[in-house]
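K.L.:
Have a look; sequence and predicted model below, questions after that.
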Amino acid sequence: MMSTAAVQVQSDSPLAGALPKAKPIAVRCAGLTKVFGADENQVLALRGVDLEIYRGELLMLVGPSGCGKTTLLSVVAGILDRSGGECTVLDHDYARMTVAERTDWRGRHIGFVFQSFNLIPTLTAAENVAIPLLLQGKPPSQAIRQGAAMLDRVGLGHKAKVRPPQLSGGQQQRVAIARALVHRPKLVVCDEPTSALDATTGKNVMALLREVALDGERCLVVVTHDARIFHFADRMAHMDDGRLDQVTAGPQQASH
């Protein structure tokens, strides 16, 4: 069931002015920690992160390399277990799920866009896009038809039968976006989606993500150090050394 919690913050809070008005919460982290290793090899990657992410927004996680951005994204996406604190995603807590339940739930409700595209070179573009539907048990012919239709939405309908090695980097990233969206997930997570792209292609990819992936029911979280795309953000969460330093309004929020 959708959370109806609205944003409430004191006017003197450091987050005041950086929050959308009365939007439902998609992700809530409270005191979130993540530890890698043990004893003298222990590394504290997340140090008590408090963050709320809202439906209908594009939040960017920014900060220096190694500050915990990808770790936070991976915990939110259910790829990594948290070590402590709380994290609810679309009103669900991964800690209350079995491994099989989590895998199934994540496959239905989360879309992933990776820096390295992660396309299967021996499959056509439409077959690559169809993978999330096939994992849900859709018949192959139906899944591939839906994959081709989603490719058309990202401007690649004419490339449905082409394999990834014959596509440009920007085209491969659009195939990856289509794959992330074909099953209509409520949360889309992107890890450095433009770092392998030139400036123009990167901006086109982000414009496409805002247009196709973002609506009042969905939320989009992007880990990036690519300052060229910061202007696409509604809010920006600034991290350093495993901590969330501040959340600021992004240009998109300021323009509304």
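P.N.:
It's in.

K.L.:
Quick one: the helices in the stretch 101-250 of the chain, in order.
P.N.:
For the stretch 101-250 of the chain, applying DSSP state H, counting those that start in this stretch gives helices covering 125-135, 140-153, 169-181, 199-208.

K.L.:
Next, format these as CSV and append distance to Phe117.
P.N.:
Where you see a C-beta, it was placed from the backbone N, CA and C, and this is true even at glycine. Formatted as CSV, the helices of the stretch 101-250 of the chain follow (distance: least, CB to CB, whole Å):
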stretch, distance to Phe117
helix 125-135, 9
helix 140-153, 14
helix 169-181, 5
helix 199-208, 11
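
K.L.:
okay if I get those helices as TSV plus mean neighbour count?
P.N.:
Rendered in TSV, the data for those read as follows (neighbours: other CB atoms under 10 Å):
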stretch	mean neighbour count
helix 125-135	23
helix 140-153	19
helix 169-181	24
helix 199-208	17
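
K.L.:
Cys190 is nearest to which of the ones you listed?
P.N.:
In terms of CB to CB, the element of the helices of the stretch 101-250 of the chain nearest to Cys190 is helix 169-181, at 7.9 Å.

K.L.:
Tell me what angle the closest one forms with helix 199-208.
P.N.:
Angle between the axes of helix 169-181 and helix 199-208 is 20 degrees (criterion: axes from the mean of the first three to the mean of the last three CA atoms, to 10 degrees).

K.L.:
What average pLDDT does helix 169-181 get?
P.N.:
In this model, helix 169-181 has a mean pLDDT of 92.

K.L.:
sorry, back to before: the helices of the stretch 101-250 of the chain: lowest mean pLDDT?
P.N.:
Per-stretch mean pLDDT for the helices of the stretch 101-250 of the chain is lowest at helix 199-208 (a mean of 87).

K.L.:
Looking at the helices of the stretch 101-250 of the chain, which is nearest to Phe36?
P.N.:
Nearest to Phe36, of all the helices of the stretch 101-250 of the chain, is helix 169-181, at 26.6 Å by CB to CB.

K.L.:
The closest one relative to helix 125-135, how many degrees between them?
P.N.:
Using the same axes, to 10 degrees: helix 169-181 against helix 125-135 is 20 degrees.

K.L.:
For Thr122, give its distance to Pro165.
P.N.:
Remark: distance between Thr122 and Pro165 (CB to CB, to the nearest Å) = 9 Å.

K.L.:
Then Lys159?
P.N.:
Taking CB to CB, one finds Lys159 at 12 Å from Pro165.

K.L.:
Which one of these two is surrounded by more residues?
P.N.:
Comparing Lys159 with Pro165 by neighbour count (other CB atoms under 10 Å), the higher total belongs to Lys159, at 21 against 9.

K.L.:
pretty sure that one contacts Ala125?
P.N.:
Yes: if you go by CB atoms under 8 Å, Lys159 and Ala125 touch, sitting 5.2 Å apart.

K.L.:
Could you report the pLDDT at the residue nearest the centre of the chain?
P.N.:
Geometric centre of the chain, nearest residue: Val189, 1.0 Å, by CA atoms, centre = their mean. pLDDT, Val189: 95.

K.L.:
and it, bridged to which residues?
P.N.:
Taking DSSP bridges as the rule, Val189 bridges to Phe112, Val221.

K.L.:
Equivalent analysis for Val35, please.
P.N.:
Counting by DSSP bridges, Val35 is bridged to Leu44.

K.L.:
what is in contact with Lys159 and Ala125 at once?
P.N.:
Counting by CB atoms under 8 Å, 6 or more residues apart in numbering, the residues touching both Lys159 and Ala125 are 151, 167, 175.

K.L.:
Could you point out which of these is nearest to Glu52?
P.N.:
Distances from Glu52 to the shared contacts of Lys159 and Ala125, taken by CB to CB, are shortest for Val175, at 31.9 Å.

K.L.:
give me every residue that touches that closest one.
P.N.:
Residues counted as contacts of Val175 (CB under 8 Å, 6+ apart) are 117, 119, 125, 128-129, 151, 154, 156, 159, 164, 167.

K.L.:
Please give the element, helix or strand, for the closest residue to Gly48 other than its chain neighbours.
P.N.:
Among residues not flanking Gly48 along the chain, Gly31 sits closest, at 5.0 Å (CB to CB, 6 or more residues apart in numbering). Element membership for Gly31, per DSSP states H and E: strand 25-36.
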